[in-house]
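1. Mind looking at a prediction? Sequence and model below.
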Amino acid sequence: MSSLNPNGSKEREPYVVSGKGYTAVAINAAAKAGEYIKSRQGTVKELGTKSSARDLVTEVDKGAEQMIRRLVMTHYPDHAFLGEEGVEPGANAVTAALEELKDNEYLWIVDPVDGTTNFVHGFPFYTVSIALAVRGELTVGVIYDPVRDEMFVAEKGKGAYVHGVKTAVSSEAALDDSLIAIGFPPDRQFAQPTNLAAFQNILPKVRGVRAGGSAALHLAYVAAGRVSAYYEAGLSPWDCAAGVLLVKESGGVVTDMRGEPYHIGTRHIVASNGHIHEDILSSLKEAGATGF
Ligand code: 2AM
Ligand code: CA
């Protein structure tokens, strides 16, 4: 509300767009950031590293995150924002950031470019991931793949869609018939041995294994039934949050590698069509890859 000041004119107060449509804001931000990212493929000038030479960040990651943050904050200036580029590398910094923010009623969880290594190399498998948690519960999840122009959208209790078509997980009921996605984050000390042990155990049991390098896009593909399941140890909240809601709203199951329910702090994730979930957990257990 504006008020009259002594000389009779209205005081300028921040303009707040009416509070409707979290999902519309997420879609708009993802579309804009996605277009920008795509336009910058092959043009990266400053290649920075974070925790190691394998952990990359570019001016595009930072620019896209700022673009999303500004757009979200224009609509919802009192909401909290957790973005990958605003947190120091490493699991401890992630845990601390989450601890600090988790009591906010509205928390946006954003990865401006999921699959930065792919983006840098021109491998067309990267995405924008935007989620909104309300009182700790994932409520909106949007993943935008600018290369294929695919916008995956989930709203809690309302299902998940890609360009208006409802997504559903696949129907494979046996590992033998399943196509599995996995991943290898850059941390070689903890995540790599776990992910390698898991890979060795699952490969002989399934139809095929794919490792595309974007956790968010792999989760969207579980939701859309394009892979039967996906798992990976050593992830961060922004890699998973939007994709987890997509999978759940598409009829799938998401847990950690021990089979415990997913929460925003879960780092070792298993998402599946539900039918093969127990078989995957058994394989991980056999491999001693239930986390670390
Ligand atoms: P990113 O591209 O946003 O960094 C690849 O196996 C997956 O791991 C990607 O989703 C990638 O996301 C993520 N990843 C990369 N570096 C990471 C790190 N230091 N910590 C956690 N996840 C990471
Ligand atoms: Ca990222």
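-> Thanks, I have it. Ligands and ions are numbered 1, 2, ... in the order given.

2. Please count neighbours and contacts with C-alpha atoms only from this point.
-> OK.

3. Write out the residues of the chain neighbouring ligand 2.
-> Asp111, Val113, Asp114 (Cα under 5 Å from the ion).

4. if you set the cut-off to 8 Å instead, what comes out?
-> Residues of the chain lying close to ligand 2 (Cα under 8 Å from the ion) are Val57, Asp61, Glu84, Glu85, Asp111, Pro112, Val113, Asp114, Gly115, Thr116, Trp238, Asp239.

5. Mark which of the residues you listed are buried, thanks.
-> The neighbour count (16 or more other Cα atoms under 10 Å) marks Val57, Asp61, Glu84, Glu85, Asp111, Pro112, Val113, Asp114, Gly115, Thr116, Trp238, Asp239 as buried among the residues of the chain next to ligand 2.

6. ok, and which of these reach ligand 1?
-> Counting by Cα under 6 Å from any ligand atom, Val113, Asp114, Gly115, Thr116, Asp239 from those sit close to ligand 1.

7. Make sure the third one is actually in contact with Ser129.
-> Right, Gly115. No: if you go by Cα atoms under 8 Å, Gly115 and Ser129 don't touch, sitting 10.5 Å apart.

8. and the residues of the chain next to ligand 2, which of them are in helices?
-> Within the residues of the chain next to ligand 2, residues falling in helices by DSSP state H are Asp61, Thr116, Trp238, Asp239.

9. Quick one: residues contacting the last one.
-> If you count contacts by Cα atoms under 8 Å, 6 or more residues apart in numbering, Asp239 has them with Asp111, Asp114, Ser129, Ser214, Ala215, Ala216.

10. quick one: strands adjacent to the helix or strand of the chain with the lowest mean pLDDT?
-> In the chain, the helix or strand scored least confidently by mean pLDDT, DSSP states H and E is strand 56-58, which has a mean of 79. Note on strand 56-58: by DSSP bridges, its sheet partners are strand 47-49 (antiparallel).

11. Apart from its chain neighbours, what residue comes closest to Thr95?
-> Gly265 (7.2 Å; Cα to Cα, 6 or more residues apart in numbering).

12. Spell out which parts of the chain neighbour ligand 1.
-> For the chain, the residues in contact with ligand 1 (Cα under 6 Å from any ligand atom) are 55, 113-117, 183-186, 213-215, 234-236, 239.

13. From those, list just the buried residues.
-> So, of the residues of the chain next to ligand 1, 113-117, 183-186, 213-215, 234-236, 239 end up buried under the neighbour-count rule (16+ other Cα under 10 Å).

14. tell me the least confident of the residues you listed?
-> Ranked by pLDDT, these bottom out at Pro186, which has 85.

15. Sticking with that residue, tell me its helix or strand.
-> For Pro186, there is no host helix or strand (DSSP states H and E).

16. Name all residues that make contact with it.
-> Ser52, Arg54, Asp55, Gln192.

17. Please tell me how far the nearest residue to Arg210 once chain neighbours are set aside sits from Val120.
-> Leaving aside its chain neighbours, Arg210 sits nearest to Ala181 (4.7 Å; criterion: Cα to Cα, 6+ apart). Using Cα to Cα, to the nearest Å, one gets 21 Å for the distance from Ala181 to Val120.

18. next one: Pro204
-> The spacing between Pro204 and Val120, counted by Cα to Cα, is 32 Å.

19. which one of the two has more residues nearby?
-> Val120 (20 against 12; other Cα atoms under 10 Å).

20. pLDDT wise, what is the more buried one at?
-> On pLDDT, Val120 comes in at 92.
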